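Undergrad: I need the structure of the sequence given here:
(one chain, ligands or ions: 1)
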Amino acid sequence: MNGILLYCRPGYEKECAAEIQARATAMEAYGFAKVTLNSGYVVFECHSAADVDSIAKKLPLSSLIFARQMIALHARVDDMPLYDRVNPVVAACEGIEAMGELRVEMPDTNEGKELSKFCRKYTVPLRQSLRKGNHLLPKENKNRPVLHVFFITNTSVYIGYSYSFNNSPLPMGIMRLKFPSKAPSRSTLKLEEAFHTFIPADQWDRRIGGAMRAVDLGACPGGWTYQLVQRNMFVVAIDNGAMADSLMETGQVKHYEEDGFKYEPAKTTIAWTNRKLHGNKVKVPENPPVDMLVCDMLEKPERVTRLMCKWLLNAWCKEAIFNLKLPLKRRYHTLEDCLAILDKQLDDRFVIQAKHLYHDRDEVTVHVAWSNFIPEDK
Ligand SMILES: C[S@@+](CC[C@H](N)C(=O)[O-])C[C@H]1O[C@@H](n2cnc3c(N)ncnc32)[C@H](O)[C@@H]1O
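TA: Residues are numbered from 1 along each chain as shown. Next up is the predicted model:
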């Protein structure tokens, strides 16, 4: 079967489909996306078998906004008898060899949740049988492709693989985080997930570390500020609402009841320096007054996007993490318009990433940084 399976948030299948259609076409891999509303997944059927592997290898999952995981499909099995769902899957794995790991998964829907207990139990006998058939290596190997068995009903599965260098290492592509009981709102998990998604763990101390300065626009009651305070940062929180007392008592937070579109950081002289980028000399700032700008204001996404561009281009901050609240209609197009504004206003001195995070609802989280503040990979 010639297809790519993408997992997404239920309700976001159309956006996920529009995105894979556009991105695959851009790499000259043609096909069409099949959508079942509220299913939590999309299948992109490719016209050519070679394109399936090429997409799985070359289209970076990290560059897809709506897909949590991306699988090259090998087979689909339907109507399995309830008393034996191991042998039909093993038989359908013919041609698959030496996978490094098995993941039995299901969509992130209520129906999917009902299958999770069965999937956990089923994994052990399936793994044993797959090893006997040499489809799976005798020991887990994180450098080899991952075999995915994705239950869409209790008798139907998609079987496919993902490359370990281009997949989510997380089951179902979902980052599960524990809600910190002292945080003033559940929103806190959105920023924590954004940190994990956009900033490599070994760079946290340099980019979101002790005594660094942050601004939080639309901060109340303080879930995002809580994350920054936990990282020992000093935070200016802007919002007309009330901040949680527990945060104000830390002495790390200054709260101003102001409009986030009008607030500006205290004037400082920005020093600019020349840097070589792709063979060209470009100017980059040395000392933006704010290390991390975060923004979760409930405002029009285009307006927030332009505000973020203003902060970054004025070098008021080194990097920014912000949420774009999506409207009920034309969600994909609205997001495309915002990303086009970022692309137009911010040149290649900036790194731009966007993701529909697991803890996001009708919003997408964007990260933009001046590239000179991102340490180079060793
Ligand atoms: C989703 S809540 C923020 C939640 C917060 N990130 C947290 O984790 O607790 C949105 C906030 O944006 C604020 N807001 C909306 N428009 C604003 C503006 N123009 N200036 C400042 N704050 C604004 C609202 O008052 C509201 O508190």
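Undergrad: what parts of this structure come near the ligand?
TA: Within the chain, the residues that sit near the ligand (C-beta under 6 Å from any ligand atom) are 184-185, 187-188, 217-224, 238-241, 259-261, 296-299. The C-beta positions use only the backbone N, C-alpha and C, and glycine is treated the same way.
Undergrad: who touches residue 312 in this structure?
TA: 320, 346, 350, 368, 370 (C-beta atoms under 8 Å, 6 or more residues apart in numbering).
Undergrad: what's the spacing between it and residue 366?
TA: The spacing between residue 312 and residue 366, counted by C-beta to C-beta, to the nearest Å, is 11 Å.
Undergrad: and what of residue 358?
TA: From residue 358 to residue 366 the distance is 16 Å (C-beta to C-beta).
Undergrad: same deal with residue 191?
TA: From residue 191 to residue 366 the distance is 13 Å (C-beta to C-beta).
Undergrad: hmm, back to that, so for residue 358 and residue 366, which residue has more residues nearby?
TA: residue 366 (26 against 19; other C-beta atoms under 10 Å).
Undergrad: surely that one meets residue 342?
TA: Yes. Counting by C-beta atoms under 8 Å, residue 342 is a contact partner of residue 366 at 7.4 Å.
Undergrad: now for these two: what residues contact both?
TA: Common neighbours of residue 366 and residue 342, using C-beta under 8 Å, 6+ apart, are 308, 352.
Undergrad: how is the chain divided into domains?
TA: 3-173, 188-373 (automatic domain parsing).
Undergrad: columns mean pLDDT on top of these, output as a markdown table?
TA: Shown next, in a markdown table, are the domains of the chain (pLDDT from 0 to 100):
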| stretch | mean pLDDT |
| --- | --- |
| domain 3-173 | 97 |
| domain 188-373 | 97 |
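Undergrad: for the ligand, what's its nearest residue on the stretch 51-200 of the chain.
TA: residue 187 (3.1 Å; C-beta to the nearest ligand atom).
Undergrad: distance of that residue from residue 260?
TA: Residue 187 is 15 Å from residue 260, where distance means C-beta to C-beta.
Undergrad: checking residue 32 next. Helix, strand or coil?
TA: strand (DSSP: H, G, I helix; E, B strand; the rest coil).
Undergrad: now do the contacts for it.
TA: 21, 44, 45.
Undergrad: output stretch 89-103 as PDB, restricted to C-alpha atoms.
TA: These are the backbone C-alpha positions of stretch 89-103, laid out as PDB (Å, rounded to 0.1, in the frame of the first residue of the first chain):
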ATOM      1  CA  VAL A  89      -0.600  -8.800  11.800                       C
ATOM      2  CA  VAL A  90       2.600 -11.000  11.600                       C
ATOM      3  CA  ALA A  91       1.500 -12.300   8.200                       C
ATOM      4  CA  ALA A  92       0.900  -8.800   7.000                       C
ATOM      5  CA  CYS A  93       4.500  -7.800   8.100                       C
ATOM      6  CA  GLU A  94       6.000  -9.900   5.300                       C
ATOM      7  CA  GLY A  95       8.800  -8.000   3.700                       C
ATOM      8  CA  ILE A  96       9.500  -6.000   6.800                       C
ATOM      9  CA  GLU A  97      12.800  -6.900   8.500                       C
ATOM     10  CA  ALA A  98      14.900  -6.100  11.500                       C
ATOM     11  CA  MET A  99      12.900  -3.200  12.900                       C
ATOM     12  CA  GLY A 100      14.400  -1.800  16.100                       C
ATOM     13  CA  GLU A 101      11.300  -1.300  18.200                       C
ATOM     14  CA  LEU A 102       7.600  -2.100  18.200                       C
ATOM     15  CA  ARG A 103       4.900   0.400  19.100                       C
END
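Undergrad: got the contact list for the closest residue to residue 229 other than its chain neighbours?
TA: Of all residues not flanking residue 229 in the chain, residue 252 sits nearest, at 5.1 Å (C-beta to C-beta, 6 or more residues apart in numbering). For residue 252, the contacting residues are 229, 232, 233, 234, 235, by C-beta under 8 Å, 6+ apart.
Undergrad: pull the number of nearby residues for the second one.
TA: Here the count is done by other C-beta under 10 Å, and residue 232 has 14 residues near it.
Undergrad: my read is that it contacts residue 205, right?
TA: No. Using C-beta under 8 Å, residue 232 is not in contact with residue 205; the gap is 9.9 Å.
Undergrad: secondary structure class for residue 160?
TA: Secondary structure, three-state DSSP: residue 160 is strand.
Undergrad: so in this structure, which helix runs the longest?
TA: helix 110-132 (DSSP state H).
Undergrad: what's in contact with that helix?
TA: With C-beta under 8 Å, 6+ apart as the test, helix 110-132 has contacts from 40, 85-87, 89-90, 93, 99, 102, 104-106, 136-138, 147, 149, 151, 153-154.
Undergrad: take those residues and keep only those in helices.
TA: 87, 89, 90.
Undergrad: quick one: the closest residue to the first one other than its chain neighbours from residue 135, how far?
TA: Using C-beta to C-beta, 6+ apart and skipping the chain neighbours, the partner closest in space to residue 87 is residue 129 (7.4 Å). Noted for residue 129: a distance of 9 Å to residue 135, by C-beta to C-beta.
Undergrad: need the overlap of contacts for those two.
TA: With C-beta under 8 Å, 6+ apart, residue 129 and residue 135 have common neighbours residue 90.
Undergrad: who has more neighbours, these two?
TA: For the pair residue 129 and residue 135, the greater number of neighbours falls to residue 135 (21 against 16), based on other C-beta under 10 Å.
Undergrad: isn't that one right up against residue 90?
TA: Yes. Between residue 135 and residue 90 there is a contact under C-beta under 8 Å: 7.2 Å.
Undergrad: hey, where'd the strands end up in the stretch 251-378 of the chain?
TA: Ranges of strands in the stretch 251-378 of the chain, per DSSP state E, counting those that start in this stretch, are 253-256, 272-277, 280-285, 290-295, 317-325, 350-355, 363-370.
Undergrad: between these, which one is nearest to residue 6?
TA: For those, the distance to residue 6 is smallest for strand 350-355, at 13.5 Å, taking C-beta to C-beta.
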